[in-house]
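Novice: Any chance you can model this:
(2 chains, ligands or ions: 1)
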Amino acid sequence: MTEQAPTPEQVFFADPAMDRMMGMIMALAAEVFVLRSRVRQLDPDQTGGDEAADVDAFVRHLLQPALGERPAADRP
Amino acid sequence: MIDEAAAYARFLAACRGFWAGPMFRALQRQVATDAATQRIDSSVDQEAFHALVARHPTHAMFGWMERHLQHLKYSGRWGLVPMVNSQRDALLAGSAPDDAILTLDSALQPPAYWLEHDIHQHPGGLSGALAGFVYKAATDQGGVVGRPELHDLFARAALDGRAPRRILDLGCGFGRSTVAFAAAAPNASVVGADLSESCLRLAAAQAPAALRGRLHYRQMDAAAESTAAEASYDLVTSTMLLHELPAAALEAVIAQTGRWLRPGGVSVHLDFLPPADPLLRILYDGHSLRNNEPFMRDLANADLADAHRRAGFDGVEIVPFAEAEGALDMPAARWRLPWTMIVATKRTSQPELS
Ligand SMILES: C[S@@+](CC[C@H](N)C(=O)[O-])C[C@H]1O[C@@H](n2cnc3c(N)ncnc32)[C@H](O)[C@@H]1O
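Specialist: Predicted structure coming up:
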C-alpha cells in the first residue's frame, strides 16, 4: 500500500521556512516548560513562586519578541 | 506522563492567553498606526486595508499562533489525541453500552461534510469511538468554549422568562448545552440530538442524576427529514452547530426547525456571525480557514431572515451575546469569537397571500 501524500500546511510568513522554524521553536519551548515543571516538582525551593505566575512570565518572555515592539523602557 | 501532559496543556493555554490578549492588542495598535500613516480608512478603502493587514508581520504571527497552538493542543507530543488514545481501553470500558436515555441509530448515514473535515483541527473529527472524550478533554482545558457558565448564561438568555415543556437541542455534543437547558427550565423535558455516537454515549453516561429523568439523547442528522414528531417542541435550540453546516444543510436545519416547533414556538441558536469592525472581520474569516471551520463563511453569507421566513417564522432577530462581562466593548480588549443569538418565532397562522 502506498502512503497517502500529506497535504501541505498553511503558510503565514513571507518565507515558508519561517513557518517551519516557528514550529521548531514552539516545540522546543514546550519541551523546556515541561522540564521546568518537572524541576519544580523535584526541587520546589529552587524554582519557588507560584506556578500560575511562572507560566505567564515564561510565555511573556517567549512571545513578547514576536510583537516587534520596542520595550517602552528603552524608547529614545 | 500525565503530569507532563498537564504541564504541556498549561503552557499552551498561557500561549493562547498571550495570543488572544497582548498579541491581539499589538496587532490592533500596529495596524491602526500603519493605516493612519498610509492614510487608509479601513471602512472606505477596504482593498487597501486588506492588503495592509495581509502583509503585516504581526498578522502573520497572529495567524501562525492561532493555527499551530490548536494543532499542538490536539496533535503535539502531549496532545489530546495521543493522550486519550493512551487511555483507550479504560475509557471505553467506562462507557455503558446501553442506556435508557440514549437512542442510537445504527442505520444513520452521516453526511460527507461531517466525516471529511477535521473540524477545529480535531483529527478524524467527531466520528471515531474516542472522539467524545477528545472533545471533552479539549473543553476541560478552559477557554470560553470550555466554561460551563457559557451554557448556563445562554440557556437563561434563550429562555428569556419562558417556561417551555419540550425542548430540542440540536448538535448537542456531549450534552453541555442540553444539561444547561434542563437545569434552567425545570418543567421541561429536553432532547439532545447529534450525529456523533461517541459524544452521545458520553452525554448519557454523564447525565446528572437530578436531571436524568428529563433528559434524552438521540442520534440523528439535524439536516435530514426526520421521524421526530412535528410541531411538538416549544423551543428548538443549538449551540455552535450552525457554523459547522454547509449552506444547504444550514437551510435544511432551519426548515426542519420550523417543522419541529409548534405555532408560536421559538428557535434560538447561539453561533458566530461576522463582526462589523473591518479588522475583526478579517480575523473572523481567517479563523474559519486556520481552525478548519470551512462552513463558518457559509453562515456568514447566509440570508438568515429569508431562510427563516421560508421555514414559517416571523423573520429573525440577531442579538449579540456577551459571554463575559465587557465582552462586547469596543475597541475589543481580547480577541473573541463574535457570539450571537439568532432568535425566531414560528408563525401562529399562515401568512396572507399577496
Ligand atoms: C461545536 S459542537 C457543540 C456541542 C454542544 N452544543 C456544546 O455546546 O458543547 C457541534 C456539534 O454539532 C454536531 N453536528 C454537526 N452537524 C450535525 C448535524 N447535521 N446533525 C446533528 N448534529 C450535528 C457535531 O457532531 C458536534 O457535536
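Novice: Only C-alpha atoms from now on, for both contacts and neighbour counts.
Specialist: OK.
Novice: OK, contacts around the nearest residue to residue B:20 once chain neighbours are set aside?
Specialist: Nearest residue to residue B:20, sequence neighbours excluded (C-alpha to C-alpha, 6 or more residues apart in numbering or on different chains): residue B:335, at 4.9 Å. Residues near residue B:335 by C-alpha atoms under 8 Å, 6 or more residues apart in numbering or on different chains: B:20, B:21, B:24.
Novice: Just the element for the last one, please.
Specialist: Residue B:24 is part of helix B:24-37, with elements assigned from DSSP states H and E.
Novice: Which elements pack onto that helix?
Specialist: Applying 3 or more C-alpha pairs under 8 Å, 6 or more residues apart in numbering or on different chains; DSSP states H and E, one finds that helix B:24-37 makes contact with helix B:46-54, helix B:57-75.
Novice: Chain A is nearest to which of the ones you listed?
Specialist: Chain A sits nearest to helix B:57-75 of all the helices and strands packed on helix B:24-37, at 5.0 Å, using C-alpha to the nearest C-alpha.
Novice: Can you check what angle separates that closest one from helix B:24-37?
Specialist: Put simply, helix B:57-75 runs at 160 degrees to helix B:24-37, going by axes from the mean of the first three to the mean of the last three C-alpha atoms, to 10 degrees.
Novice: any idea how far the residue nearest to residue B:20 is from residue B:92?
Specialist: Distance of residue B:335 to residue B:92, computed by C-alpha to C-alpha, to the nearest Å: 37 Å.
Novice: which residues does the residue in the stretch 201-350 of chain B that chain A sits nearest to contact?
Specialist: Chain A sits closest to residue B:290 of the stretch 201-350 of chain B, with a gap of 8.0 Å, by C-alpha to the nearest C-alpha. Counting by C-alpha under 8 Å, 6+ apart, residue B:290 makes contact with A:10, B:63, B:66, B:67.
Novice: Backbone torsions only: list them for the residue of chain A found nearest the ligand.
Specialist: Nearest to the ligand, among the residues of chain A, is residue A:10, at 22.7 Å (C-alpha to the nearest ligand atom). Here is the backbone geometry of residue A:10 (degrees, to the nearest 10): phi -60, psi 150.
Novice: now residue B:201
Specialist: Here residue B:201 shows phi and psi, under degrees, to the nearest 10, equal to phi -60, psi -40.
Novice: still on that earlier bit, how many neighbouring residues does the residue of chain A closest to the ligand have?
Specialist: For residue A:10, the count of nearby residues is 14 (other C-alpha atoms under 10 Å in any protein chain shown).
Novice: any chance of the contacts of residue B:290 in CSV, with distance to residue B:307 and pLDDT too?
Specialist: Formatted as CSV, the contacts of residue B:290 follow (distance: C-alpha to C-alpha, whole Å; pLDDT from 0 to 100):
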residue, distance to residue B:307, pLDDT
A:10, 34, 95
B:63, 33, 98
B:66, 32, 97
B:67, 32, 97
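Novice: mind listing what the residue minimising distance to the centre of chain B touches?
Specialist: In chain B, the centroid-proximal residue (C-alpha atoms, centre = their mean) is residue B:240; its distance is 1.9 Å. Contact partners of residue B:240, counting by C-alpha under 8 Å, 6+ apart, are B:171, B:269, B:270, B:271, B:272.
Novice: which one of these is nearest residue B:319?
Specialist: Taking C-alpha to C-alpha as the measure, residue B:319 lies nearest residue B:270 of the contacts of residue B:240, at 9.5 Å.
Novice: burial measure for residue 54, as a count.
Specialist: Since no chain was named, I'll use chain A. With other C-alpha under 10 Å as criterion, residue A:54 counts 16.
Novice: that's the wrong chain, I wanted chain B
Specialist: Using other C-alpha under 10 Å, residue B:54 has 14 other residues around it.
Novice: Could you do residue B:213 as well?
Specialist: Neighbours around residue B:213, by other C-alpha under 10 Å: 13.
Novice: Per-residue confidence, it, what does it come out as?
Specialist: For residue B:213, the model assigns a pLDDT of 95.
Novice: Torsion angles phi and psi at it?
Specialist: The phi/psi pair for residue B:213 (degrees, to the nearest 10) is phi -60, psi -20.
Novice: Check the one 10 residues further on too.
Specialist: Torsion angles at residue B:223 (phi, psi; degrees, to the nearest 10) stand at phi -100, psi 0.
Novice: show me what contacts the residue nearest to residue B:104 when sequence neighbours are not counted?
Specialist: Distances taken as C-alpha to C-alpha, 6+ apart place residue B:219 nearest to residue B:104, at 5.0 Å, with adjacent residues excluded. Residues in contact with residue B:219 (C-alpha under 8 Å, 6+ apart) are B:103, B:104, B:105, B:193, B:194, B:195, B:196, B:197, B:200.
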